[in-house]
Structure formats: C-alpha cells, structure tokens
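1. Need coordinates for the following:
(chains A and B)
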There are 2 protein chains.
Amino acid sequence: MPSPKRSSIRVALDVMGGDLGPREAVRAAALISKTTTIHVLLVGQRATIEAELAQVDHDPSRLQIVDASEVITMDEKPRDALAAKPDASLLVAMRAVAEGDADALVSAGSTGALVLAAAQVLPRIPGIERSALAAVYPTRKRTSSPDPFALLLDVGATVRVRARDLLFFAYMGHAYASRISKVARPTIGLLNMGSEPTKGDEVLREAHRLLAGDPLLNFVGNVEGNDIPTGGADVIVCEGYVGNVALKMAEGVTEVLRGLGKQAFKARLGWRLGLLLLASGLRQLKTTTDYREYGGAPLLGFRAPVIKAHGRSGASAIANAIKVAAKAARDGVCQEIERAVAGFLAREGGDPGGPGAS
Amino acid sequence: MPSPKRSSIRVALDVMGGDLGPREAVRAAALISKTTTIHVLLVGQRATIEAELAQVDHDPSRLQIVDASEVITMDEKPRDALAAKPDASLLVAMRAVAEGDADALVSAGSTGALVLAAAQVLPRIPGIERSALAAVYPTRKRTSSPDPFALLLDVGATVRVRARDLLFFAYMGHAYASRISKVARPTIGLLNMGSEPTKGDEVLREAHRLLAGDPLLNFVGNVEGNDIPTGGADVIVCEGYVGNVALKMAEGVTEVLRGLGKQAFKARLGWRLGLLLLASGLRQLKTTTDYREYGGAPLLGFRAPVIKAHGRSGASAIANAIKVAAKAARDGVCQEIERAVAGFLAREGGDPGGPGAS
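-> Take a look at the predicted model:
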C-alpha cells in the first residue's frame, strides 16, 4: 500500500535490538512522535513496549505497536537465530516493510542478522545482486563538499564482488550522498592500491572502466587507503572484505591512541596538567574521529531504506536514525538507485558496442 | 660464492635510491664500516660516491664501490624505468646479490621498482610463487611478545593470492619475527571479517584450514582490522590489496589526527598552553604510532633478504636497515623459510590424505 507522496512516512523500528535495551528505542519513538510527522511502528514485545511508553510523553496517533514475541541477541549466530526465531522483532519489522506497511526500517541490533534478514525478506532493486552496508564517517574538510561526512561502501555485506557490483555501489553512494548529505555532484573514488587505472586485478580494472565511462557519476579515479580518512572522495567503493578491514583498522588506531593518552596521563605531572587543559579539545577530537558517534549506517540495494543504528545508541541516536530513514524514504533514495541501475542495464542491452555508440 | 658462516656479511646498498640523495646512504655505509664487521657494496655512480666518502670518516677495507651509471627516480613508472635503465643502481645491486657477490640488499628507492626488480632478478625460494612486502609496525603491548613490533604481510607486492600463498606468507613472518625480533613462537593471525573459521571467501577458509593444520605455526585464527594496531597477533597475513589499504588507512588517520592537533593549537589559548606542556608526550606518541620511523620493511620470498628503507631515511635509518639486512642474512631467515616451504611440499606430496594421515 504505497502512501501518497509527502504524506506521513512510516518507519518500522526494531525495538528489541540494541545494547541498551528497548527503553532507548521506545523513548526515541516517543520523541519522534512529538517533534515530527513521522509514524513509527514499534516492533517488539507488546507488554514491554506498553510499559515503557506509559512512562514517557508521546503522541499515540503517530505510534503503532506491532507485536513480535522473539528477540535476536548480539551473541547469537545470525543464520541460526533467524531460522530459529521466525517471530523475532527484526524479521517482523522486515516483513512490515516488504508488505508495504512501512516505508523504511531502523534497527540497532546485530549487523550480521540485519544484513541476512534483509537479504531473506526485502525485495532487491531489479538488477542488483549484492546489497552494501555503507559507513558514514567524518573526514578532514573536502574540496568537493561542504558536508563533513563521507561514505565508504561496502563495509561488510559482501566479501568479494564483481566490477558491476562496484558500479552499483557507486550508484547507491551517489544517491545517498546527493539526497541525504545534499552534495550536488558527489565525487566517487574506487579503493585501489595506486592511482593509475591499470592498478589492481581484473575486477578493479574493469570497475575503473565502468565508473569512468558512466554518464551519471562524478568519478575521480582510484583512491588509496589514506584517502578514506583524509576525504579523497565523497563516496569510496570497495568489496566488503577490504572495506570491513579498513573500517575496523580505524577503530583500532583510535583505540590505541586513546590508550596512549591514558598512559601519558599517568606518566608525568606536566602531561597531566596539559591533558586537563586539553580536555575539551580532546573531546572534540574524539567526536570528530569516532565514526560510532554518527549512528546510522545505511544498508542499500533494497527497494526501501534500511538504517543500522549503532548497538550502543541511546534514544537521541536512534531518533536521528529514524529521521534519516524517513528522509531517505521521502526523498526517494532507493528510487534514484533503481533508475541509475535501469539506465545502465538499458545502455548495456541496447548498446553492445560499448562507449561511443549512441 | 657462499661466505663461511659467521664471517663478514656483505650488503649491497642502492646508494642512489631515497629522497634525501646519495649523501645519506654513503654516510650510513661509512658509519657501518667504522662500527660493525659488515661489508657494504656501495652501488651507484662512482664519482658521486667517492666525493661523498672523501668527506666522511670510514674504513675503506669494509667498503667497495660498484659502479652503476643510471638512477631510477620515485616518479618513474617502475616497469618502464627498469626496462629503459639496465644499468640502474637498483638492478646492479640486485645482480650482485643474485650472483653471490652480496648476501642481502638495502634500498630506500621506489617500492614498486624494488618489488619488480627483485621479481626479475633474484632467485625465489623453491615453491614460492609470490613474494611479500612486510610492514613492521609498533602495536600496543601484546601478551604474546615482549617485542613492540608486529608484522603485516603482504602490503603491496601482490594484489590477490591463493590460500597456499597466505600459508607461505605465514612462514615468512614466522621466520622473520622469530629470528629478527626474537619472539620465540610468534602468534600468526589471518586477516578476515570475523573470527569464525567459516568467515570470508573460499580462499580465506582454505587458508584458515592450512594455517590451523600446520605443525610449525602458532596460529591464533582469524583476526580483524582492529587487531592490526592493537596487536592481535605478532604476524598478520593477508593479500596485498587489503594489506596495502589497511597500511595507508593508518597513515591517513595519523595525518588527520595531527591536523586536528594543529587546529586545536590555533584555536584557543588554554589548548595552546596544554599542547606546550604536552609536547614531549606528543612526540613520544608520534614515535610510537608512525610506522615510517621504523625504516626497514623486509621483502621476503627470495633466497636473500631485501630490506626496503623508507624513502625519507637519513643516514642512521639506512644504517639500521643495513644492520637488519645483515642480521637476516647471518641468522638464516631465508633458509628457515625455505625449510618450512619444503616441509609443507613434502607433507603435501607424501600425504594426499590430508591432515590425520601419517
């Protein structure tokens, strides 16, 4: 049941996911009901949700409870958990989207379960075989964009991919960056081992050719690992294996630096004084470098937007994820990806001569 | 001409490579000649080398100039440069090793040219098809080792590899860590997207099986990106594409953090005072986090050790690289790798039944 354009967007919220328990999710939905026109489907154990709702100011006309008796926890193996718990809140929320009862989905639960449940339940955009999980992270100021955020995808929904999948990842990133971050012509980079078009293996060389020849994309060529944090492109595409390693590497570096800071704090009185004076500066640095603070990572490739909120999200982070999901649905991010893929397939089908033929 | 064991080790030094010019390399060799028993072959333009040697105290009995008329610069394409300049100092130094006139090689020149020249000129260890460039980097304190350094390989000599290549990379890392870093039983990790043995693609799963079944290696299983800087293993193996991205990602994160520090310095007087007090702490942090300061990255898989010194190396960094190269030659790192590979091939040939059969 498609909703009339610009009318209220309906977001299915997996209330039971997330490290901090259902209270944060329910409070997020209550806040959204009071401050926006978004409708939230609270998917989870009804008694729990009702008990939490009773404690917080909310607008019941914008909230709907969808009962789901089971919960998938972070320590379960995703495939086994999904098979064993057909009434898990995550699966019930996915079905609400698949059946048209919601326009988008938000979960702060297990990433592995989210990726797998979406693959099992949600309709894919025609032509797309691999979905992608995008990390949204802050970079140093980029010349291409006033937006502090950039996208790296895929960071874990795939392992290896074909050249064509990398092109489709670029369409996903292009649509998301231009509609959500309002970057007019987002720059696109292909993560490689050097800037020359001949770098990498045949998949990377073929992806370079496809990206360079695409009429929609603002492709800036190959980028390298250091271009991820420094902001070499608004959107960087890669296979899930390398994207996942790069993302976790950044986490590890941040963790080590914080540990060193603590050591310095213990080591010397002068440093301690310095650190106290620096405290507000360090807090700002942490905010700017910790990708976790930016909550929502979009899972793209399906006909509806899915936002993975960080497991440790509190109510305000989940509320932000709900707003981003609603915005992605309202602004037609998935429809734009669908048009780009259809355009490629039409050119490919109608134009076997390759670039240059009309 | 094999030298008698424990006699003077001969290291071929590519004098012309390196961003700082031949002076630093010549000074490094002069220092080595006065303080160790290592013989250095100074490979490069004779007149330049003689002019630099005349200005610095050295022991001529431990130095030998090998004339090479051409130079490969950092901005040349490696393949073209090697083809166009057969008398390049890098190639002449490689030939000295291949022909037994030197036991090891050091260059601070282009990494791409070094990897390609080694592949063209040096004999490989029997059974090894892919060489690996290893990054030696400091980590947080590891429980497995008193040594602050860990190894990540390959970081750029390959793009994609087979499972067997990853096993051989582990032999290389094991030999290097145990002989150079004196870690008794270095822990080995396979860089993957999760800890379960089933993670990744078929290459990674097969590599996990080979590594887990190997009698020589202290395999700790799959590790993830965050385990690289935090020290999840003494040796982490991966294909060159992902290793290269991870290494450069760390460079980029460090660069961004330094930039933020400078901004904070400008921003507020209190921060400025804090930074001044913290200066010595920050210098220590930089030293501990900047892999570049540790100079030599070994290129392994050949019958003689090759050490890539950083392009910006000064005399003392190059002297360190020469000492490491000599130590690797003296302690038989390449011979240990050769024995491990031969053992695997013998088990494989004699034991088609796989693990369990005797």
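2. From residue A:248, how far out is the residue nearest to residue A:128 when sequence neighbours are not counted?
-> Once flanking residues are discounted, residue A:128 sits nearest to residue A:301: 4.7 Å by CB to CB, 6 or more residues apart in numbering or on different chains. Where you see a C-beta, it was placed from the backbone N, CA and C, and this is true even at glycine. For residue A:301, the distance to residue A:248 (CB to CB, to the nearest Å) stands at 22 Å.
3. what does residue A:304 give?
-> 28 Å.
4. Could you confirm residue A:244 falls within a helix?
-> Yes: assessed by DSSP: H, G, I helix; E, B strand; the rest coil, residue A:244 belongs to a helix.
5. these two touch, right, it and residue B:191?
-> No: between residue A:244 and residue B:191 there is no contact under CB atoms under 8 Å: 10.0 Å.
6. Tell me the helix or strand right after the lowest-mean-pLDDT helix or strand in chain A.
-> Counting by mean pLDDT, DSSP states H and E, the weakest-scoring helix or strand in chain A turns out to be helix A:269-289, with a mean of 48. Counting by DSSP states H and E, the element after helix A:269-289 in chain order, helix or strand, is strand A:297-300.
7. What helices and strands are in contact with that following strand?
-> When contacts are defined as 3 or more CB pairs under 8 Å, 6 or more residues apart in numbering or on different chains; DSSP states H and E, strand A:297-300 packs onto helix A:111-121, strand A:132-138, helix A:163-179, strand A:306-308, helix A:333-350.
8. Name the stretch among those that sits most buried.
-> Counting by mean count of other CB atoms under 10 Å in any protein chain shown, strand A:306-308 has the highest mean neighbour count of the helices and strands packed on strand A:297-300, with a mean of 28.
9. Run me through the strand neighbours of that one, direction for each.
-> Here strand A:306-308 has these sheet partners by DSSP bridges: strand A:104-107 (parallel), strand A:297-300 (antiparallel).
10. Show me how far it is from its chain's centre.
-> 6 Å (CA atoms, centre = their mean, to the nearest Å).
11. Ok, stretch A:310-317 next?
-> 14 Å.
12. got the contact list for it?
-> A:17-20, A:23-25, A:27-28, A:31, A:74, A:108-110, A:292, A:295, A:297, A:309, A:321 (CB atoms under 8 Å, 6 or more residues apart in numbering or on different chains).
13. mind listing what residue A:117 touches?
-> By CB under 8 Å, 6+ apart, the contact set of residue A:117 is A:78, A:82, A:90, A:91, A:94.
14. pretty sure the third one is in a helix, no?
-> Yes: looking at residue A:90 with three-state DSSP, it is inside a helix.
15. Okay, domains of chain A per the record?
-> A:1-128+A:301-351, A:133-255 (automatic domain parsing).
16. if you compare the ones you listed, which one is most tucked away?
-> domain A:133-255 (a mean of 22).
17. What helix or strand is residue A:40 located in?
-> Residue A:40 belongs to strand A:39-44, assigned by DSSP H and E.
18. and the angle for whichever helix or strand comes after that strand with strand A:39-44?
-> Counting by DSSP H and E, the next helix or strand C-terminal to strand A:39-44 is helix A:46-53. If you take axes from the mean of the first three to the mean of the last three CA atoms, to 10 degrees, helix A:46-53 sits at 130 degrees to strand A:39-44.
19. What separation do you get for the residue of the stretch 1-150 of chain A found nearest chain B and residue B:326?
-> Going by CB to the nearest CB, chain B is nearest to residue A:140 of the stretch 1-150 of chain A, at 5.2 Å. Distance, residue A:140 to residue B:326, by CB to CB: 41 Å.
20. Check residue A:32 too.
-> For residue A:32, the distance to residue B:326 equals 67 Å [CB to CB].
21. for residue A:71, same thing?
-> To residue B:326, residue A:71 is 61 Å away according to CB to CB.
22. who in the stretch 1-150 of chain A is up against chain B?
-> A:139, A:140 (CB under 8 Å from any CB of the partner chain).
23. picking up where we left off before, show me whatever sits in contact with both of residue A:244 and residue B:191.
-> Contacts common to residue A:244 and residue B:191, judged by CB under 8 Å, 6+ apart, are B:224, B:225.
24. in chain A, which segments are predicted with low confidence?
-> A:1-6, A:257-295, A:351-358 (pLDDT under 70).
25. For residue A:64, name its beta-bridge partners.
-> Beta-bridge partners of residue A:64, as defined by DSSP bridges: residue A:41.
26. Enumerate every residue touching it.
-> Contacts for residue A:64 were tallied using CB under 8 Å, 6+ apart; they are A:39, A:40, A:41, A:42.
27. Am I right that the residue of the stretch 1-150 of chain A closest to chain B sits in a strand?
-> No: counting by three-state DSSP, residue A:140 falls outside a strand, being coil.
28. Quick one: closest of the domains of chain A to residue B:149.
-> domain A:133-255 (15.9 Å; CB to CB).
29. Do me a favour and get the end-to-end distance for the closest one?
-> 23 Å (CA to CA, to the nearest Å).
30. from the chain's centre, how far out does stretch A:328-347 sit?
-> 17 Å.
31. Contacts for that stretch next, please.
-> Contacts of stretch A:328-347 (CB under 8 Å, 6+ apart): A:6, A:9, A:11, A:103-104, A:125-128, A:167-168, A:171-172, A:174-176, A:178-180, A:214, A:216, A:298, A:300-305, A:307.
32. Residue A:179 and chain B, how far apart?
-> 27 Å (CB to the nearest CB, to the nearest Å).
33. Now do the phi/psi pair for the closest residue to that residue other than its chain neighbours.
-> In this structure, residue A:179 finds its nearest non-sequential neighbour in residue A:331, 4.4 Å apart by CB to CB, 6+ apart. Per-residue torsions, residue A:331: phi -90, psi 0 (degrees, to the nearest 10).
34. ok, now how distant is residue A:331 from residue B:70?
-> 59 Å.
35. picking that back up, quick one: which of the contacts of stretch A:310-317 sit in helices?
-> Among the contacts of stretch A:310-317, DSSP state H puts A:23, A:24, A:25, A:27, A:28, A:31, A:321 in helices.
36. In this structure residue A:153 contacts residue A:130, no?
-> No: using CB under 8 Å as the test, residue A:153 is too far from residue A:130 to be in contact (10.6 Å).
37. returning to what we had before: give me the contact list for the strand holding residue A:40.
-> A:8-16, A:22, A:25-26, A:29, A:32-33, A:49, A:53, A:62-68, A:71, A:89, A:92-93, A:96, A:101-102, A:322.
38. Apply 6 Å and report the result again.
-> Strand A:39-44 is contacted by residues A:8, A:10-16, A:22, A:29, A:32, A:49, A:62-66, A:68, A:89, A:92-93, A:96, A:102 when judged by CB atoms under 6 Å, 6 or more residues apart in numbering or on different chains.
39. so how far is it off the chain centroid?
-> The answer for strand A:39-44 is 20 Å, by CA atoms, centre = their mean.
40. Stretch A:147-158 now?
-> Worked out by CA atoms, centre = their mean, stretch A:147-158 lies 7 Å from the chain centre.
41. So what would you say the end-to-end distance of it is?
-> Across stretch A:147-158, first to last residue, CA to CA, it's 27 Å.
42. what's next to it, contact-wise?
-> Under CB under 6 Å, 6+ apart, the answer for stretch A:147-158 is A:115, A:130-136, A:138-139, A:169, A:173, A:177, A:181, A:183, A:231, A:234-236, A:240, A:243-244, A:247.
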